[in-house]
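Colleague: Make a model of this:
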Amino acid sequence: MLKRHARAACTALAAAGLLLAGTGGATADPTPAAPSAAATLRTADAPPELLAAMQRDLGLTPTQAKARLVHEAEAGATAARLRDRLGAAFAGAWVDGADAGTLTVATTRAADTAAIRATGARAKLVARTLADLDADRAALDRAAGPATPVRYVAPRSNGLVVEETEAGAAAALLAATGTDPAAVTVVRTGGAPRPLYDLRGGDAYYMNGSGRCSVGFPVTKGSVNGFATAGHCGRAGTTTSGFNQVAQGSFQASVFPGNDMAWVAANAQWTATPYVKGSGGVNVQVTGSVLQPVGASVCRSGSTTGWHCGTIQQHDTSVTYPEGTISGVTRTTVCAEPGDSGGSYISGSQAQGVTSGGSGNCSSGGTTFFQPLNPILSAYGLTLKVSGSDPGPGPGPGDPEPGGTWKAGAVYAAGATVTHGGSTYRCLQGHQAQPGWEPPNVPALWQRV
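Modeller: Residues are numbered from 1 along each chain as shown. All right, here's what the predicted structure looks like:
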């Protein structure tokens with residue numbers, strides 16, 4: 001389990017990196033050790049209000065809440081390295097336990113299990129690859145209708161889940177697509193998800209003087225301040241006013257359905273800050289946008305229900321709303337209600353995404369979906385507003401600049417390659433690059449190849 005490696009995370013992960021890169025006999029690098037994943041994601045800076053909300057909503061002790069953020073960061077980095085190592089045989093990864101101390105990685109190749117266990121993770125041998133399951137889900141998406149509103153891959157069971165609102169709807173969908181029923185779990189749901197209608201993340205804003213949504217994450221584009229939010233909240237040209245009803249700005253671009261993304265450019269009266277509105281109105285800092293693994297804790301801020309926490313259930317989920325289907329959203333156990341749409345999802349200090357929709361409420365509980373933030377930043381050329389971070393060692397006196405294709409502000413997806421300092425690196429976890437996160441400095445995010 002990763003739990004037992006928490007105190008020596010940097011050492012354990014460095015060893016895992018050597019194993020997975022096939023350089024176990026290489027001479028040790030004399031340069032200073034790079035920071036652990038927990039240090040990169042600054043889990044030690046989690047404010048008391050965030051930890052208190054995790055304790056309330058996830059039933060954790062103070063010690064478990066702090067440990068969970070460390071374990072989630074390290075598990076995300078380890079799972080990313082293993083996904084890179086396993087290639088086509090990779091079948092998913094997830095964390096379990098109150099403090100997320102157990103990482104499980106699934107593979108279809110028995111020969112991989114030793115390498116998985118060597119990193120401290122549990123290995124699970126399964127029949128279907130993640131790529132196979134994703135292809136089956138895509139086929140379901142193309143034929144799905146309102147009676148089967150949610151479809152997603154379930155790595156824990158190495159299968160698919162289809163939610164139905166009418167008896168027999170899922171069976172008809174499977175028959176129409178030729179999907180093996182043995183690979184699918186059908187869940188009856190009482191209500192279909194819907195968009196949650198009705199510059200700090202979580203604050204309210206109003207569209208054209210009427211409907212209300214919530215700010216996702218403050219961003220900049222050149223000298224322009226603004227924020228990322230949900231596409232269903234407005235179309236390009238829709239004007240906005242802030243939580244205080246003061247004129248704020250307008251939607252510059254919006255996509256919905258298909259995705260659920262948009263951004264609003266604010267006028268000169270509004271300044272982007274690196275914060276999300278936490279419990280009691282306290283500022284929760286944002287330091288990056290590294291997407292966390294299945295099973296990780298996540299908290300949401302919205303203008304209707306405020307601050308609530310839960311866990312990430314599944315990435316790359318497909319949801320059919322009355323207005324159409326959106327793909328690539330993340331399913332969570334966090335509750336939400338109308339007016340929370342567009343608001344912030346954050347894990348520790350890492351921005352995750354903006355509220356899209358869901359079912360249920362914050363009295364009886366529910367399921368919600370968020371549009372991941374990195375695709376929004378990439379699509380519109382936005383820079384996430386983050387709090388100050390260590391810029392890293394940089395070149396010494398008289399040393400040349402490292403050069404290469406890596407660039408601060410660029411959004412990198414897992415699998416992307418860059419050059420830096422004469423070496424090539426492959427991205428392990430999707431994120432927006434920032435000063436101090438140069439590839440050699442952050443092994444949690446980049447693997448040298």
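
Colleague: drop to CA atoms for contacts and neighbour counts, all remaining ones
Modeller: Noted.

Colleague: which residues sit in contact with residue 241?
Modeller: When the contact criterion is CA atoms under 8 Å, 6 or more residues apart in numbering, the partners of residue 241 are 205-209, 247-249.

Colleague: From residue 251, how far off is it?
Modeller: 11 Å (CA to CA, to the nearest Å).

Colleague: Just the pLDDT at residue 190, thanks.
Modeller: Note on residue 190: pLDDT of 77.

Colleague: Can you tell me the closest non-neighbouring residue to it?
Modeller: If the residues on either side of it in the chain are set aside, residue 190 comes closest to residue 165, at 6.2 Å by CA to CA, 6 or more residues apart in numbering.

Colleague: Kindly report the same for residue 179.
Modeller: Setting aside the residues directly before and after it, residue 179 is nearest to residue 136 in space (CA to CA, 6+ apart), at 7.1 Å.

Colleague: give me phi/psi at the residue nearest to the spatial centre of the chain?
Modeller: Compute the mean C-alpha point of the chain, and by CA atoms, centre = their mean the closest residue is residue 291, 3.1 Å away. The phi and psi torsions at residue 291 (degrees, to the nearest 10) take the values phi -70, psi 130.

Colleague: Likewise for residue 36?
Modeller: Taking degrees, to the nearest 10 as the convention, residue 36 sits at phi -70, psi 170.

Colleague: Check residue 376 too.
Modeller: When read as degrees, to the nearest 10, the backbone of residue 376 gives phi -70, psi -50.

Colleague: What's opposite the closest residue to it other than its chain neighbours in the beta bridge?
Modeller: Ranked by CA to CA, 6+ apart and with sequence neighbours excluded, the top spatial neighbour of residue 376 is residue 261, at 6.1 Å. Under the criterion DSSP bridges, residue 261 forms beta bridges with residue 255.

Colleague: can you pull out the strands in the stretch 101-250 of the chain?
Modeller: For the stretch 101-250 of the chain, the strands identified by DSSP state E, counting those that start in this stretch occupy 102-107, 122-125, 150-154, 159-164, 184-188, 194-195, 204-207, 212-214, 217-221, 224-229, 239-241, 247-255, in order along the chain.

Colleague: Tell me which of these is the most buried.
Modeller: Taking mean count of other CA atoms under 10 Å as the contact definition, the stretch among the strands of the stretch 101-250 of the chain with the greatest mean neighbour count is strand 212-214, which reaches a mean of 30.

Colleague: for that one, packing partners?
Modeller: Counting by 3 or more CA pairs under 8 Å, 6 or more residues apart in numbering; DSSP states H and E, the packing neighbours recorded for strand 212-214 are strand 204-207.

Colleague: Give me the mean pLDDT for the strand it packs on.
Modeller: Mean per-residue pLDDT for strand 204-207: 94.

Colleague: mind listing what that strand pairs with, with the direction of each?
Modeller: Applying DSSP bridges to the sheet, strand 204-207 is found paired with strand 212-214 (antiparallel), strand 239-241 (antiparallel).

Colleague: Columns distance to residue 306 on top of those strands, output as a markdown table?
Modeller: Compiled in a markdown table, these are given as follows (distance: least, CA to CA, whole Å):
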| stretch | distance to residue 306 |
| --- | --- |
| strand 212-214 | 10 |
| strand 239-241 | 19 |
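
Colleague: Could you dump these into a markdown table with mean pLDDT and distance to residue 103 added?
Modeller: Rendered in a markdown table, the data for the strands paired with strand 204-207 read as follows (pLDDT from 0 to 100; distance: least, CA to CA, whole Å):
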| stretch | mean pLDDT | distance to residue 103 |
| --- | --- | --- |
| strand 212-214 | 96 | 33 |
| strand 239-241 | 96 | 43 |
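
Colleague: after the top strand by length along the chain, next one along is what?
Modeller: Across the chain, the strand with the greatest residue count (assigned by DSSP state E) is strand 306-321. Next along the chain after strand 306-321, taking DSSP states H and E as the criterion, comes strand 324-332.

Colleague: List the buried residues in that following strand.
Modeller: If you call a residue buried by 16 or more other CA atoms under 10 Å, then strand 324-332 has these buried ones: 325-332.

Colleague: how distant is that strand from the center of its chain?
Modeller: Using CA atoms, centre = their mean, to the nearest Å, the distance from the centre of strand 324-332 to the centre of the chain it belongs to is 12 Å.

Colleague: Which neighbouring elements make contact with it?
Modeller: Using 3+ CA pairs under 8 Å, 6+ apart as the contact criterion, the neighbours of strand 324-332 among helices and strands are strand 306-321, strand 365-372.

Colleague: Check what contacts it and list those residues.
Modeller: Taking CA under 8 Å, 6+ apart as the criterion, the residues outside strand 324-332 that touch it are 256-260, 310-320, 367-372.

Colleague: Show me the helices in this protein, by range?
Modeller: 9-21, 37-40, 48-58, 62-86, 113-118, 130-143, 169-177, 373-380 (DSSP state H).

Colleague: tell me the angle the fourth one makes with strand 102-107.
Modeller: Relative orientation of helix 62-86 versus strand 102-107 (axes from the mean of the first three to the mean of the last three CA atoms, to 10 degrees): 20 degrees.

Colleague: Relative to residue 57, which of the strands paired with strand 204-207 is closest?
Modeller: With CA to CA as the measure, strand 212-214 is the member of those nearest residue 57 (21.2 Å).

Colleague: From the chain's centroid, how far away is that closest one?
Modeller: Chain-centre distance of strand 212-214: 21 Å, with CA atoms, centre = their mean.

Colleague: follow-up on the earlier one: tilt between the longest strand of the chain and helix 48-58?
Modeller: 60 degrees.

Colleague: ok, how many other residues are close to the closest residue to residue 360 other than its chain neighbours?
Modeller: Counting by CA to CA, 6+ apart, residue 360 lies nearest to residue 366, which is 4.1 Å off, once chain neighbours are set aside. Counted by other CA atoms under 10 Å, the residues lying close to residue 366 total 17.

Colleague: How about the one 5 residues further on?
Modeller: Residues within reach of residue 371, counting by other CA under 10 Å, total 31.

Colleague: Same check on the one 5 residues further on?
Modeller: Taking other CA under 10 Å as the criterion, the count of residues near residue 376 is 25.

Colleague: again with residue 437
Modeller: 22.

Colleague: Would you mind measuring from it to residue 288?
Modeller: Counting by CA to CA, the separation of residue 437 from residue 288 is 10 Å.

Colleague: And for residue 181?
Modeller: Using CA to CA, we find residue 181 at a distance of 40 Å from residue 288.

Colleague: more crowded one of the two?
Modeller: Legend: neighbour count by other CA under 10 Å for residue 181 and residue 288, higher for residue 288 (26 against 14).

Colleague: my guess is that one contacts residue 352, does it?
Modeller: No - with contact defined as CA atoms under 8 Å, residue 288 does not reach residue 352; the gap is 9.0 Å.
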